[in-house]
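**Q** got a sequence here, can you model it:
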Amino acid sequence: MARPPMPPVAAVTLCEVLTLAAALGGGVRAQQLSTGYYDGSCPQVHDTVRLIIQQELAAVPGVLAGLLRLHFHDCFVNGCEGSLLLDGTAKLSEKEANPNKGTERLYPVVDNIKAAPEDACPGVVSCADILALAAKASVELMRNLGGAHTYTIGRAHYQSIQDRLYNLKATGQPDPTLDQAHLAELREHCPSATSDSTCLIELDPDTPDTFDNRYYVNLLGKRGLLRSDHAMFSALEEGAESTGPIVGQFASSQADFFQSFATAMVRMGNIAPLTRSMGEVRRNCRVVN
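**A** Sure, this is the predicted structure:
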């Protein structure tokens, strides 16, 4: 189902998704959605989505983190309605907006995921639910395939952290909040002279292929990669509520993180979905029927 595209929100990394979504409170209105909604109309859809994603792992590096990110970007722009998947026409689409650049490799995967239930139960599974099911399966696979070198947690381009490494706010100096040993490692990996956009850095250098709470441990050790990472527990903007306690809680308890993450994903999936006659179940997620 789809609404008219709205202006996209700023780009957010996978790890930011975890904390931002976990911080959501009662402001998200539940829509009485059910994980068993397709039990009668398309009973194999969960297993089918998971199987197709497994088949795509070798061909599409980062597909697990990427599918989770697509679900986040869809839901946080005017609600979970699959509009992110629409191809552009005369107007700039969500898909073409800067925050979604680099996700092009994921849309053929979504096409493949959508095609399977369309063959088995045509016109039943919505594109928004395809993204939700893909995100759920991806998180499950992240846990089960830890150490399988699937780049599950995500990576950042050198350009997004270049200033932190060499010239923060035009001072000619690196970001003083970075751990010095980690700074040296990052500089060695991406020298200042490089202009290679393919220079990628793991968001979680310690356990990049495992879905765990190490990201938060790294934040406390001043090893967060992006400035937005560090901002999660550093000085706050006036009037902002601190997320520092959340970072500390998740760093000390992986069980708390997993429980909060699961709760957050359910809440995020309930952001203004289109139900019944409010939209349409698109046969092809790239275009309206």
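**Q** quick check: residue 76 vs residue 93, distance?
**A** Between residue 76 and residue 93 the computed distance is 16 Å (Cβ to Cβ, to the nearest Å). For glycine as for every other residue, the C-beta is placed from the backbone atoms N, C-alpha and C.
**Q** do residue 229 as well
**A** With the distance defined as Cβ to Cβ, residue 229 ends up 29 Å from residue 93.
**Q** pick out whichever of the two has more residues nearby.
**A** Taking neighbours as other Cβ atoms under 10 Å, residue 229 and residue 93 compare with residue 229 leading, 23 against 17.
**Q** now the element after the helix or strand where that one lies, going C-ward?
**A** Applying DSSP states H and E as the criterion places residue 229 in helix 227-230. Downstream of helix 227-230, the next assigned helix or strand under DSSP H and E is helix 244-252.
**Q** can you pull out the helices in the stretch 1-150 of the chain?
**A** 14-22, 45-56, 63-75, 107-120, 127-144 (DSSP state H, counting those that start in this stretch).
**Q** just those helices: most buried one?
**A** Greatest average neighbour count among the helices of the stretch 1-150 of the chain goes to helix 63-75 (a mean of 26), per mean count of other Cβ atoms under 10 Å.
**Q** quick one: that helix to helix 45-56, angle?
**A** For helix 63-75 against helix 45-56, the angle by axes from the mean of the first three to the mean of the last three Cα atoms, to 10 degrees is 130 degrees.
**Q** avg pLDDT for helix 63-75?
**A** Averaging pLDDT along helix 63-75 gives 89.
**Q** quick one: distance of it to the chain centre.
**A** 4 Å (Cα atoms, centre = their mean, to the nearest Å).
**Q** only alpha carbons, please: show that helix as CSV.
**A** Provided in CSV are the C-alpha atoms of helix 63-75 (Å, rounded to 0.1, in the frame of the first residue of the first chain):
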residue,chain,number,x,y,z
VAL,A,63,21.7,-7.4,2.6
LEU,A,64,20.6,-8.2,6.1
ALA,A,65,21.5,-4.8,7.5
GLY,A,66,20.2,-3.2,4.3
LEU,A,67,16.7,-4.7,4.5
LEU,A,68,16.4,-3.6,8.1
ARG,A,69,17.4,-0.1,7.1
LEU,A,70,14.8,-0.1,4.3
HIS,A,71,12.1,-1.0,6.8
PHE,A,72,13.2,1.8,9.1
HIS,A,73,13.4,4.4,6.3
ASP,A,74,9.9,3.4,5.1
CYS,A,75,8.3,3.6,8.5
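**Q** which helices and strands sit right next to it?
**A** helix 14-22, helix 45-56, helix 107-120, helix 127-144, helix 254-269 (3 or more Cβ pairs under 8 Å, 6 or more residues apart in numbering; DSSP states H and E).
**Q** got those helices as JSON lines, with distance to residue 159 and mean pLDDT columns?
**A** JSON lines is the format used below for the helices and strands packed on helix 63-75 (distance: least, Cβ to Cβ, whole Å; pLDDT from 0 to 100):
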{"stretch": "helix 14-22", "distance to residue 159": "17", "mean pLDDT": "46"}
{"stretch": "helix 45-56", "distance to residue 159": "27", "mean pLDDT": "93"}
{"stretch": "helix 107-120", "distance to residue 159": "23", "mean pLDDT": "95"}
{"stretch": "helix 127-144", "distance to residue 159": "26", "mean pLDDT": "87"}
{"stretch": "helix 254-269", "distance to residue 159": "28", "mean pLDDT": "87"}
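**Q** any chance of these in JSON lines, with distance to residue 191 too?
**A** Shown next, in JSON lines, are the helices and strands packed on helix 63-75 (distance: least, Cβ to Cβ, whole Å):
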{"stretch": "helix 14-22", "distance to residue 191": "25"}
{"stretch": "helix 45-56", "distance to residue 191": "33"}
{"stretch": "helix 107-120", "distance to residue 191": "33"}
{"stretch": "helix 127-144", "distance to residue 191": "31"}
{"stretch": "helix 254-269", "distance to residue 191": "34"}
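**Q** low pLDDT regions in the protein?
**A** 1-33, 90, 144-153, 193-198, 233-241, 275-276 (pLDDT under 70).
**Q** how does it divide up, domain by domain?
**A** With domains defined by automatic domain parsing, the chain comprises 14-151+262-278, 155-256.
**Q** looking at those, which is buried most?
**A** Across the domains of the chain, the average number of neighbours (mean count of other Cβ under 10 Å) peaks for domain 14-151+262-278, which reaches a mean of 18.
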